[in-house]
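Enquirer: any chance you can model this:
(one chain, ligands or ions: 1)
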Amino acid sequence: MMTAPKTLPIDRIGRENRATVDREVLIEGTGIHTGEKGRITLKPAEAGTGLIFKGTGSRIGDIPVSPFYAMDGVQAVTLGNRHWQIKTVEHLLCAMAAAGISDCIMETTMGEVPILDGSSLPFYEKIIEGGVRDLGEPMEALQLSNPVWVIENDRYVVALPSDHFKVTYTIDYPHPMLRGQTMTLGLNAENLIEDVLPARTFGFLRDVEELRKRGLIQGGSLDNAVVLTEDGYLNDDLRFEDECLRHKILDLVGDLYLLGRPLKAHIVAFRAGHSLDISLGKKIQTRIAMDELATRKDRIEQARQAAVRTGV
Ligand SMILES: [Zn+2]
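Expert: A predicted model of the protein is given here:
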């Protein structure tokens, strides 16, 4: 039975309870890669449901949000089952993380999450406008006992045990606007909303033609992306001086929310990206499952020894 709707305050990171959307939230738009138009409806769900994409029409079966359902992480994160796929889930997931949504059915008429303005802010605003419902059950954050990392040539992403969710991100690309920039952010909800959610996706003008030929960025434009020219920006409305760096943090937060739970870790990323983030998510999930199993075995062993001592 549903409890009475209760709208929560904006600060949800570090929250203690599971939460869902209070009423249906409609997100309409165009996919940046497929150019497909359609809608996704976020629907309330019971505690323990998790985050699930539900297809309509020929899209059969559910796709749970999990790094183990990730099929591609080159230009964006694609989740899929044997029957269908949903692309570019990361910006919606970052907004879900900021709003503290742990349980939600995301019913979709399309194979890609709409790009909206290229950031996570419009998703977040729609979720908050509809309200967030406290489900009254505790939401345990994922806590690491040891560091976990993924290294690929000169790129890496490391998760260090920490009491808070924190990111140190460094980018260094051969472009005058993207050389050697670093930022460390403690990611409480306020920082996320002000410093991360508004940062838009970005791309290089020199890659546009090639990506279009490969069937990508069919829905991309200056309305939903920051475009870098050889020595500057094509847009004249940057939201932050370091918008691209902040968007990399946004992507990382969204990618790690594939885990579906808040993460207490200090993430240190250098020139990382979706595929590294997904690999890190898989490692974290596996490591935590192993830790939990070890703890359970310890408890069983302690109980056995206590039983032997008392002669039960
Ligand atoms: Zn992105």
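Enquirer: and stretch 59-74, what's buried?
Expert: Within stretch 59-74, the residues that count as buried by 16 or more other CB atoms under 10 Å are 59, 63, 65-67, 69-70, 73. Every residue, glycine included, has its C-beta placed from N, CA and C.
Enquirer: columns pLDDT, distance to Val227 and secondary structure on top of those residues, output as TSV?
Expert: As requested, those are exported to TSV (pLDDT from 0 to 100; distance: CB to CB, whole Å; DSSP: H, G, I helix; E, B strand; the rest coil):
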residue	pLDDT	distance to Val227	secondary structure
Arg59	90	32	coil
Ile63	97	31	strand
Val65	98	30	coil
Ser66	97	33	coil
Pro67	97	30	helix
Tyr69	97	31	helix
Ala70	96	27	strand
Gly73	76	22	coil
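Enquirer: closest to the ion out of those?
Expert: Among the buried residues of stretch 59-74, Gly73 lies closest to the ion (CB to the ion), at 11.3 Å.
Enquirer: now name the helix or strand holding Lys126.
Expert: helix 121-130 (DSSP states H and E).
Enquirer: quick check: next helix or strand after that helix?
Expert: Beyond helix 121-130 toward the C-terminal end (DSSP H and E), the next one is strand 132-138.
Enquirer: restrict that next one to CA atoms and write it as CSV.
Expert: C-alpha atoms of strand 132-138 as CSV (Å, rounded to 0.1, in the frame of the first residue of the first chain):
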residue,chain,number,x,y,z
VAL,A,132,9.7,13.1,-5.0
ARG,A,133,8.0,10.5,-2.8
ASP,A,134,9.8,9.0,0.3
LEU,A,135,9.2,5.3,0.2
GLY,A,136,10.0,4.9,3.9
GLU,A,137,12.6,2.2,3.5
PRO,A,138,16.3,2.8,4.2
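Enquirer: for Asp163, give me its contacts.
Expert: Residues near Asp163 by CB atoms under 8 Å, 6 or more residues apart in numbering: Lys264.
Enquirer: quick check: pLDDT value at it.
Expert: pLDDT for Asp163: 91.
Enquirer: same deal with Pro9?
Expert: 42.
Enquirer: now for the worst-scoring helix or strand of the chain on mean pLDDT, which elements pack on it?
Expert: When each helix and strand of the chain is scored by mean pLDDT, DSSP states H and E, helix 189-191 comes last, with a mean of 83. Here helix 189-191 touches no other helix or strand, going by 3 or more CB pairs under 8 Å, 6 or more residues apart in numbering; DSSP states H and E.
Enquirer: may I see the buried residues of that helix?
Expert: Neighbour counts using 16+ other CB under 10 Å place 189, 191 of helix 189-191 among the buried residues.
Enquirer: and Ala307, what element?
Expert: Per DSSP H and E: helix 274-310 holds Ala307.
Enquirer: from the buried residues of stretch 59-74, which is closest to Arg299?
Expert: Arg299 lies nearest to Ser66 out of the buried residues of stretch 59-74, by CB to CB, at 26.4 Å.
Enquirer: that'll do, ta.
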